[in-house]
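In: my questions are about this predicted structure, shown below with the sequence.
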4 protein chains.
Amino acid sequence: MPEIPKLVSSMGKAELDRIFVRGHDLNEELLGKISFAQMVYLMLVGRMPTAEEGRMIDTMLIVLVDHGMTTGALAARMTYHSAPEALQGAVAAAILGAGSVHLGSSEYCAKMLNDSLAQDSKETDLDAIAKNTVEKRLANNQLIPGIGHGIHTQGDPRAEKLFQVAQETKVYGRYCDLLRKIGKIAEERVGRRLPVNVTGAIAAISMDMGLPWQMSKSFAILGRALGGIAHVGEEVRRPIARGISDLVRKNLQYEPEK
Amino acid sequence: MPEIPKLVSSMGKAELDRIFVRGHDLNEELLGKISFAQMVYLMLVGRMPTAEEGRMIDTMLIVLVDHGMTTGALAARMTYHSAPEALQGAVAAAILGAGSVHLGSSEYCAKMLNDSLAQDSKETDLDAIAKNTVEKRLANNQLIPGIGHGIHTQGDPRAEKLFQVAQETKVYGRYCDLLRKIGKIAEERVGRRLPVNVTGAIAAISMDMGLPWQMSKSFAILGRALGGIAHVGEEVRRPIARGISDLVRKNLQYEPEK
Amino acid sequence: MPEIPKLVSSMGKAELDRIFVRGHDLNEELLGKISFAQMVYLMLVGRMPTAEEGRMIDTMLIVLVDHGMTTGALAARMTYHSAPEALQGAVAAAILGAGSVHLGSSEYCAKMLNDSLAQDSKETDLDAIAKNTVEKRLANNQLIPGIGHGIHTQGDPRAEKLFQVAQETKVYGRYCDLLRKIGKIAEERVGRRLPVNVTGAIAAISMDMGLPWQMSKSFAILGRALGGIAHVGEEVRRPIARGISDLVRKNLQYEPEK
Amino acid sequence: MPEIPKLVSSMGKAELDRIFVRGHDLNEELLGKISFAQMVYLMLVGRMPTAEEGRMIDTMLIVLVDHGMTTGALAARMTYHSAPEALQGAVAAAILGAGSVHLGSSEYCAKMLNDSLAQDSKETDLDAIAKNTVEKRLANNQLIPGIGHGIHTQGDPRAEKLFQVAQETKVYGRYCDLLRKIGKIAEERVGRRLPVNVTGAIAAISMDMGLPWQMSKSFAILGRALGGIAHVGEEVRRPIARGISDLVRKNLQYEPEK
């Protein structure tokens, strides 16, 4: 058995009468004084954000909450229908789909940005970095995450909105620039429109805010947790889970595999 | 196979160029304009909250995020250590502990409040309702959820703070009153201090905001989702999961059961 | 901070060259020599089962694996479709629905049996115990879990089969008897057929095998884990998750709540 | 909205009086007659396995159940401690750690084997394929999954045992051979012992049994589901979760990040 290293944390700490979170007295300094979005930033970055940074976080938390009966909403409703005494399980089911096909590309995009331009790098020639990134990806037959969209082929309006808020809040920085340049160069090389998409914008903005690339999926996860909760809330008032389940079974044909 | 009923939802809806959430155009009306807390209210209640209601939601979302290495934080760190490519799994593990022993009492308390005084009831004699609720519970040997605390025996400062914000934001209503009365009467009957605790305050406030009782655990779940994400974020920068795992194994004795 | 009690476990233990599980050398005594069902019994009860007990466990593990597109299968497919790189998340989604509405009644039934007749009790008058149990439940307006079925009103053939295997394997004991008596008495009191259902049979049999009541849902969970995996396996070969998702959205009407 | 394709499944199907699973009548043909391991094979492959194939499956299901207080066991215990009313959540937490660092390498190894030699390929020169695979991986600076072990540097006895059972049950085939050859060639090229490890053996054997590479993590997931259940079972009898939690907090130092 190896020696146990010193175990250190800077998250929360409970004393008899007080709770500290990230060095702040929860009751005296945080409750009633800051927004949840500011709390997100404080927990992830370690310092209190400005109101503008808070507004940027709010926007990233909101953008992916819901756009209809997503796979996560379906999973949450099915789970709640069977286990209504465990709301936490339904929310867990909602977020477990935040993977590579949907939502997860923010993580891959943030990693690509980080590999191209480390957060402590002094490099400034973004055009060269973008070109190099695209060429390497194409040479290795790798997808370029964060650009292009199946439906919004001419540009994902949510991404544009996120960039606009990033500029208004002064969060917009070199990673946003870099990803847009990557999109432009990829378009020229590939021959079709490849604008930055919503998960790409989240990736670039969260990198510009100083978050490690591993954390950029956080916004989708928190947003979809709310989405799952909201669909369960509707299930409480106007249940449709059983109807959905019946609809699927009615349209399903049972055929042995050959 | 039964007839499929009409399947209706009022959550999100995607059109080719626009996304509507709860009847609002996501890009035009929500992004950059409202806070995540307001979005929580909009998704759960169906109308846009006032800024004050938003502030109340913020406070309930923040209060349970973290207070040290909770069981949820431990579960999240263990899961991330083994499956770092699936952040969503670590967050799911963090929230799956939001059950009857920790955090979940907000749901039981909200149900008790709802059973005592339905949201559409015109009853006004809160003293009588409180007395009746306590007597019935004691007669059936049932716990009274939402009051008393193992450590904060003289009063949970977080609950006091939540009630204070509820009063400042004008959210404070008859359910907050009722729960405090229940605590007072239970104290007299049981003979020890039983002030409203943090999950009780969340229950009463969310009932006063018009949320169905089934939804009051939502705040703990969203808060702990952030807590789990933040602990993973620390794991990325200063990993201790392996050290924790070694510490536990080193202190564990292997003894067959008799 | 309280004193740390001695931490003791009798589960697994890894040495440099050997792994012990429940006191048995994994490589020498278990691998290739016992079945998974026997392993289930060994892990939960602590001693090696007979071949007959193993056969009983096999039957309880198999009975709930799948019966069509269950809510768990749907949740698993939706999750896998979005996050195919994390099979574990899809399986987690499949089992999170093992709650109070579906599958979970085995736990409630086992608890009722345990409350009526503790495992170390010497009581032998099962008729009196059954009568007492039914009367108390009806008086308190409580459901009697483990009996009756929405579809199989004349008897759930799976329950009959489980009892038959329990008799063949000599596992059948006083809890099986007690639950059947409870069903009979409830029928007389309520005035309609209330035969033991499949989750009731699992509860009674697992109590007769000496499992604590809290563990009787284990069989449903392991069975549905396999069900979820199998549906994902089909999704790999003949994907229908997107089709299901489109079907649901096509049949969904978007209507604001009043 | 796209046209809905025909939705087809060959898993389970419920009729009024009968349940069919994979074309077999559950009550008449499966319950009491086949083992859970055979059911695993039937569900994943679609045909009834021989008794020998069933024994192979049993061995793969057993091998990873537990080897002490794994990260999954810890996550399950923490979750159960907070939410004992939802066993399914604790089991979900146990399996969510089946990712890239632990357990998940069986999937990566199976994919590598499949990329090197497709299941319908007629290639027979395994030496050439093995050499090619190793060279390509080393050239691209990619890890070779399924070989080597941090502790069992001279050979993982569990892998040897799995291969032995594979030979006894006649399941051993070209993928087992190929992976061993890959290990041998990698040893020569890298200059240290790189024997096949336990997740590698599972990958090769499940490929030889005709499972798609995406399914090879199934055995670890089902095994760890049982492991999680068993740790919860111990928690019911001899609870240590709170002690573990206190131990960790006692050894944790709270230090703000710089």
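Out: Noted; the coordinates are in hand. Residues are numbered from 1 along each chain as shown, chains lettered A, B, ... in the order given.

In: which residues touch the closest residue to residue A:152 other than its chain neighbours?
Out: Closest residue in space to residue A:152, ignoring its immediate chain neighbours: residue A:197 at 7.2 Å, by CB to CB, 6 or more residues apart in numbering or on different chains. The C-beta positions use only the backbone N, C-alpha and C, and glycine is treated the same way. Applying CB atoms under 8 Å, 6 or more residues apart in numbering or on different chains, we find residue A:197 in contact with A:105, A:146, A:147, A:148, A:149, A:152, A:156, A:159.

In: buried residues in stretch A:127-147?
Out: Of the residues in stretch A:127-147, A:129, A:130, A:131, A:133, A:134, A:137, A:144, A:145, A:146, A:147 count as buried by neighbour count, 16 or more other CB atoms under 10 Å in any protein chain shown.

In: looking at the residues you listed, which is nearest residue C:74?
Out: Using CB to CB, residue A:145 comes nearest to residue C:74 of those, at 28.2 Å.

In: state the pLDDT value of the nearest residue to residue A:218 once chain neighbours are set aside.
Out: Nearest in space to residue A:218, with sequence neighbours left out and distances taken as CB to CB, 6+ apart, is residue B:229 at 4.8 Å. Per-residue pLDDT puts residue B:229 at 98.

In: give me the element residue A:132 is part of.
Out: Secondary structure assigned from DSSP states H and E places residue A:132 in helix A:126-139.

In: quick check, pLDDT for residue A:1.
Out: 53.

In: then residue A:6?
Out: Listed pLDDT for residue A:6 reads 89.

In: count of residues packed around residue A:4?
Out: 18 (other CB atoms under 10 Å in any protein chain shown).

In: sec struct for the residue nearest to residue A:218, please.
Out: Counting by DSSP: H, G, I helix; E, B strand; the rest coil, the backbone at residue B:229 sits in helix.

In: and chain A, which of its residues are near chain D?
Out: Counting by CB under 8 Å from any CB of the partner chain, the residues of chain A close to chain D are A:4, A:6-10, A:13, A:20, A:22-23, A:46, A:83, A:85-86, A:88-89, A:92, A:248, A:251-257.

In: buried subset of these, written for ChimeraX?
Out: Restricted to buried positions by 16+ other CB under 10 Å, the ChimeraX selection for those reads:
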select /A:4,7,9,10,13,20,22,23,46,83,85,86,88,89,92,248,251,252,254
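
In: now narrow the residues of chain A next to chain D to whatever sits close to chain B.
Out: Filtering the residues of chain A next to chain D for neighbours of chain B using CB under 8 Å from any CB leaves A:4, A:6, A:7, A:8, A:9, A:10, A:13, A:86, A:88, A:89, A:92.

In: name whatever forms a beta bridge with the nearest residue to the second one once chain neighbours are set aside.
Out: Yep, that's residue A:6 we're talking about. Nearest residue to residue A:6, sequence neighbours excluded (CB to CB, 6+ apart): residue D:253, at 6.5 Å. With DSSP bridges as the criterion, residue D:253 is bridged to residue A:8.

In: export stretch A:138-150 as PDB, just CAs?
Out: Taking C-alpha atoms only, stretch A:138-150 is exported to PDB below (Å, rounded to 0.1, in the frame of the first residue of the first chain):
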ATOM      1  CA  LEU A 138      -7.500  17.000 -42.000                       C
ATOM      2  CA  ALA A 139      -4.300  15.200 -42.500                       C
ATOM      3  CA  ASN A 140      -5.200  12.800 -39.600                       C
ATOM      4  CA  ASN A 141      -8.700  12.400 -40.900                       C
ATOM      5  CA  GLN A 142     -10.100  13.900 -37.700                       C
ATOM      6  CA  LEU A 143     -13.300  15.800 -37.300                       C
ATOM      7  CA  ILE A 144     -13.000  19.400 -36.300                       C
ATOM      8  CA  PRO A 145     -15.400  19.800 -33.300                       C
ATOM      9  CA  GLY A 146     -17.300  23.000 -32.600                       C
ATOM     10  CA  ILE A 147     -18.000  24.000 -36.200                       C
ATOM     11  CA  GLY A 148     -20.700  23.100 -38.700                       C
ATOM     12  CA  HIS A 149     -24.300  22.100 -37.900                       C
ATOM     13  CA  GLY A 150     -26.600  19.500 -39.400                       C
END
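
In: now do it: distance to the chain's middle.
Out: The chain centre lies 18 Å from the centre of stretch A:138-150; the measure is CA atoms, centre = their mean, to the nearest Å.

In: one more: stretch A:61-71?
Out: What separates the centre of stretch A:61-71 from the centre of its chain is 11 Å, taken as CA atoms, centre = their mean.

In: and the stretch 51-200 of chain A, which of its residues are near chain C?
Out: So the stretch 51-200 of chain A meets chain C at A:68-69, A:71-72, A:74-75, A:78-79, A:81-86, A:89-90, A:92-93, A:96-104 (CB under 8 Å from any CB).

In: confidence score at residue A:104?
Out: Per-residue pLDDT puts residue A:104 at 87.

In: check the contacts of residue A:197 for the minimum pLDDT and say which it is.
Out: Among these, residue A:152 carries the lowest pLDDT, at 74.

In: quick one: that one is in a helix?
Out: No - Residue A:152 is assigned coil when assessed by three-state DSSP, not a helix.

In: could you report the neighbour count for it?
Out: Residue A:152, neighbours per other CB under 10 Å, totals 18.

In: who's in contact with it?
Out: The contact partners of residue A:152, by CB under 8 Å, 6+ apart, come to A:195, A:197, B:17.

In: what's the burial count for residue A:115?
Out: Residue A:115: 11 surrounding residues under other CB under 10 Å.

In: helix or strand for it, which one?
Out: Under the assignment here (DSSP H and E), residue A:115 is part of helix A:105-116.

In: any chance you could map the strands in chain A?
Out: For chain A, strands defined by DSSP state E occupy the ranges A:7-9, A:12-14, A:19-21, A:24-25, A:252-254.

In: tell me which other helices or strands the last one touches.
Out: If contacts are counted by 3 or more CB pairs under 8 Å, 6 or more residues apart in numbering or on different chains; DSSP states H and E, strand A:252-254 sits against strand D:7-9.

In: next, residue A:155: phi, psi?
Out: Main-chain torsions, residue A:155, degrees, to the nearest 10: phi 130, psi 130.

In: let me know the pLDDT of it.
Out: 82.

In: nearest residue to it other than its sequence neighbours?
Out: residue A:195 (4.2 Å).

In: residues near that neighbour, how many?
Out: By other CB under 10 Å, the residues close to residue A:195 number 20.

In: for it, give me its contacts.
Out: By CB under 8 Å, 6+ apart, the contact list for residue A:195 reads A:147, A:148, A:149, A:152, A:154, A:155, A:156, A:159, A:183.

In: again, but for residue A:39
Out: Applying CB under 8 Å, 6+ apart, the residues near residue A:39 are A:30, B:61, B:62, B:65, B:226.

In: okay, it and residue B:47: tell me how far apart.
Out: Residue A:39 sits 24 Å away from residue B:47, going by CB to CB, to the nearest Å.

In: again with residue A:200
Out: Distance from residue A:200 to residue B:47, by CB to CB: 33 Å.

In: tell me which of those two has more neighbours.
Out: Between residue A:200 and residue B:47, counting by other CB under 10 Å, residue A:200 is the more crowded of the two (33 against 12).

In: and the stretch 101-250 of chain A, which residues reach chain B?
Out: Contact residues (CB under 8 Å from any CB) of the stretch 101-250 of chain A with chain B: A:107, A:151-152, A:157-158, A:161-162, A:164-165, A:168, A:211-212, A:214-215, A:217-218, A:221-222, A:225-227, A:229-234, A:236-238, A:240, A:243-244, A:246-247, A:249-250.
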